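S.K.: Need a 3D model of the following:
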Amino acid sequence: MKAKLKKFTDFSKSILPHEANYLKTIIKFTDEEKLHIINLLISNAQSNNNFSDFDTKIDKRKYSYIKNWVEKNLAQIDVDITLNWLILLKQKILTDAISSNEELDFLDYIDNYNRVDYNFQTLYELAKDYKSYLLVRMRYEDHKTVAHFLASYQKAYRETIKIDEELYAATGEITNQYTRNNKETKHLESRLHDIFKDTNLNGKNRYQAFILLAFMYNNYNEYNKQKAIMDKIDMYFSKGSMYSRRILSNYYASRVLVHSKQNEFDEAEYYGYLSIRQNNNDTLMYVNNLAAILLRNNKPNEALTLLENYKDLYKQVHNYHQKIGFSSYLMRIYTELKKFDLAETTGKLFLKKYENEILQYRWHHFFTSYLNVLIAQEKYDIVLKTAAKYNLIEKEKERQKKQNYVPNIHWSILLSKYMECQINSDLLFKEIKAPLQNIKPTQSQKELMIKVLNQLSINLPEAFLKLRSHI
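M.R.: Model (predicted):
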């Protein structure tokens with residue numbers, strides 16, 4: 001019987017919590033069965049793991065009605081759907097291909113426009129193009145409607161452009177701080193907050209201000225502040241503001257990183273699964289982030305299932321940063337599951353195919369995983385040959401300057417040198433302690449270091465267990 005509602009059940013499972021929160025605020029049904037269906041759909045979407053089956057005794061036409069109602073109401077507030085419509089209209093206006101019905105819809109849209117919304121800048125610039133289109137065709141009444149809209153919102157448009165330029169400059173400063181670690185950006189904080197909180201501004205600028213604040217707080221390791229603004233935008237999303245599935249996916253992915261940095265891995269896993277509900281250009285990155293969280297939660301089998309489900313996407317994308325991440329996590333998963341041959345083969349094949357890309361984009365991420373599987377198999381000579389071939393010791397010295405440094409490659413090379421009788425035990429212990437003298441590890445870094453030490457202590461208990469107590 002339940003199979004009769006499979007299509008609706010699958011649809012209901014695709015609804016995101018913030019979509020459900022918004023839908024809850026606009027319910028006006030009086031039919032008890034429709035109310036039962038929509039309330040159960042919302043309850044299921046808001047629940048973490050619990051899912052209640054829908055009543056098969058209710059007329060299937062009511063399920064179809066609810067599905068259409070949900071899709072219609074979410075489409076009405078979806079800023080990406082609106083943006084795509086505006087872009088298509090612009091293309092048709094510029095190529096003289098717009099139909100009469102499309103013109104009537106657009107004229108009606110701007111005639112009833114009553115507040116600056118997410119895509120205001122795109123709308124205003126389209127209206128300017130359309131005004132010229134109308135004037136050259138001597139359509140004076142329609143031209144009057146568009147001209148009135150442009151005059152009414154001219155001040156808002158100028159403010160939008162000004163803020164857009166401010167945000168562009170701020171983006172340069174904040175990203176430079178991240179890449180070069182040589183700038184202070186705190187002077188931007190108050191202004192970005194003002195933009196983010198101002199509901200009279202267009203949503204695109206407000207959302208960009210939110211992104212920059214989150215980025216800045218990440219630069220300063222101010223995770224409580226980062227979490228606070230995420231809780232604030234969470235409220236906006238639940239009211240249907242600044243909504244699209246793409247934006248929600250990005251938001252969920254950001255929460256994954258925030259919770260993981262605060263060692264809240266169950267919450268990170270929850271948001272990780274939400275982030276991959278919607279396929280977009282960043283899906284492989286979100287999959288990689290979720291795989292990392294599942295490994296931190298000691299769920300390598302779940303992580304393996306996840307990556308296997310996205311192997312086709314991995315093969316299709318040309319983002320080498322994420323391809324390297326995917327391959328590296330796959331090696332780590334195989335290693336944790338003690339499938340050492342599979343892990344090593346994965347690393348060897350990927351290194352052979354993408355050697356230049358690995359060295360250019362994510363050498364540390366890749367070689368951390370690759371050396372780990374070699375250490376697990378006690379192939380110390382190959383570790384040293386690999387380190388020498390790719391100049392990993394010098395690369396590690398440069399990496400030690402980074403705040404998030406964890407000396408896993410450094411320790412793997414030292415262990416291999418000791419096992420190959422290239423250094424003695426005194427020098428080993430001295431060298432493995434050396435990187436710790438120049439850093440003040442966060443709690444998250446300490447936990448990662450202890451995990452690395454636990455792995456290495458299998459090979460050499462006396463040295464690495466001693467170092468663990470030192471940390």
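
S.K.: give me every residue that touches the residue nearest the centre of the chain.
M.R.: Geometric centre of the chain, nearest residue: Ala253, 3.2 Å, by C-alpha atoms, centre = their mean. By C-beta atoms under 8 Å, 6 or more residues apart in numbering, the contact list for Ala253 reads 271-272, 275, 282, 285-286, 289. In this view, the C-beta of every residue, glycine as well, is placed from N, C-alpha and C.

S.K.: Ok, Ile276 next?
M.R.: 249, 283, 286-287, 290.

S.K.: Touching, Lys92 and Glu102? I think so.
M.R.: Yes - counting by C-beta atoms under 8 Å, Glu102 is a contact partner of Lys92 at 6.7 Å.

S.K.: for Ile393, helix, strand, or coil?
M.R.: For Ile393, the assignment made with DSSP: H, G, I helix; E, B strand; the rest coil gives helix.

S.K.: should've said Asn298
M.R.: Secondary structure, three-state DSSP: Asn298 is coil.

S.K.: circling back to that earlier point, make TSV out of the contacts of Ala253 and add neighbour count.
M.R.: Converted to TSV, the contacts of Ala253 look like this (neighbours: other C-beta atoms under 10 Å):
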residue	neighbour count
Tyr271	24
Gly272	27
Ser275	25
Asp282	18
Met285	19
Tyr286	26
Asn289	23
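
S.K.: now, which of the residues you listed lie within helices?
M.R.: Using DSSP state H, the subset of the contacts of Ala253 located in helices is 271-272, 275, 285-286, 289.

S.K.: Can you say which two of the residues you listed are spatially most distant?
M.R.: Taking every pair in the ones in helices among the contacts of Ala253 and measuring C-beta to C-beta, the maximum separation is 13.9 Å, between Tyr271 and Met285.

S.K.: Any buried residues in the longest helix anywhere in the chain, and which?
M.R.: Taking DSSP H as the criterion, the chain has its longest helix at helix 154-180. With burial defined by 16 or more other C-beta atoms under 10 Å, the residues of helix 154-180 counted as buried are 156-157, 159-160, 163, 166-167, 170, 174, 177.

S.K.: same deal with stretch 233-244?
M.R.: Residues of stretch 233-244 classed as buried: 233, 236-238, 240-244 (neighbour count, 16+ other C-beta under 10 Å).

S.K.: Contacts for it next, please.
M.R.: Everything outside stretch 233-244 that qualifies as a contact, by C-beta under 8 Å, 6+ apart, is 18-19, 21-22, 25, 74, 77-81, 118, 196, 199, 203, 206-207, 210, 247-248, 251.

S.K.: mind showing which ranges of this structure have poor pLDDT?
M.R.: Within the chain, the segments meeting pLDDT under 70 span 1-3, 181-182, 403-404, 436, 438-471.

S.K.: Spell out the secondary structure type for the residue lying farthest from the centre of the chain.
M.R.: Relative to the mean C-alpha coordinate of the chain, counting by C-alpha atoms, centre = their mean, the farthest residue is Met138 (48.7 Å). Under three-state DSSP, Met138 falls in the coil class.

S.K.: Phi and psi next, for it.
M.R.: Backbone torsions of Met138, given as degrees, to the nearest 10, read phi 60, psi 40.

S.K.: Check the one 4 residues further on too.
M.R.: Reported as degrees, to the nearest 10, the phi and psi values for Asp142 are phi -70, psi -40.

S.K.: So Leu257 is in contact with Asn288, correct?
M.R.: No - if you go by C-beta under 8 Å, Leu257 and Asn288 don't touch, sitting 11.7 Å apart.

S.K.: So for the two, which sits in the more crowded spot?
M.R.: Asn288 (23 against 19; other C-beta atoms under 10 Å).

S.K.: what residues are up against that one?
M.R.: Neighbour list for Asn288: 322, 325-326, 329 [criterion: C-beta under 8 Å, 6+ apart].

S.K.: Go through those and say which is closest to Ser43.
M.R.: Tyr329 (34.0 Å).

S.K.: hmm, back to that, and the contacts of Asn288, which of them are in helices?
M.R.: Per DSSP H, these map to helices at 322, 325-326, 329.

S.K.: Can you report how many residues neighbour Tyr418?
M.R.: With other C-beta under 10 Å as criterion, Tyr418 counts 21.

S.K.: give the contact list for the residue nearest to it when sequence neighbours are not counted.
M.R.: Distances taken as C-beta to C-beta, 6 or more residues apart in numbering place Leu428 nearest to Tyr418, at 4.6 Å, with adjacent residues excluded. Applying C-beta under 8 Å, 6+ apart, we find Leu428 in contact with 414-415, 417-418, 463.

S.K.: just those residues now: which is nearest Ile42?
M.R.: Looking across the contacts of Leu428 and measuring by C-beta to C-beta, the closest to Ile42 is Leu415, at 54.0 Å.

S.K.: Could you say which helix or strand holds that closest one?
M.R.: Using DSSP states H and E, the element containing Leu415 is helix 408-419.

S.K.: Do I have it right that Lys209 meets Leu188?
M.R.: Rather than Lys, residue 209 is Ala. No - counting by C-beta under 8 Å, Ala209 sits too far from Leu188 to count as a contact (9.6 Å).

S.K.: Comparing those two, which shows the higher neighbour count?
M.R.: Neighbour count, other C-beta under 10 Å: between Ala209 and Leu188, Ala209 has more, with 25 against 21.

S.K.: Contacts made by whatever helix or strand Arg191 lives in with the rest, please.
M.R.: Using DSSP H and E, Arg191 sits within helix 189-197. Helix 189-197 is touched from outside by 163, 166-167, 170, 201, 205-206, 209-210, 212-213, 216, 229, 232-233, with contacts defined as C-beta under 8 Å, 6+ apart.

S.K.: Cool, thanks, signing off.
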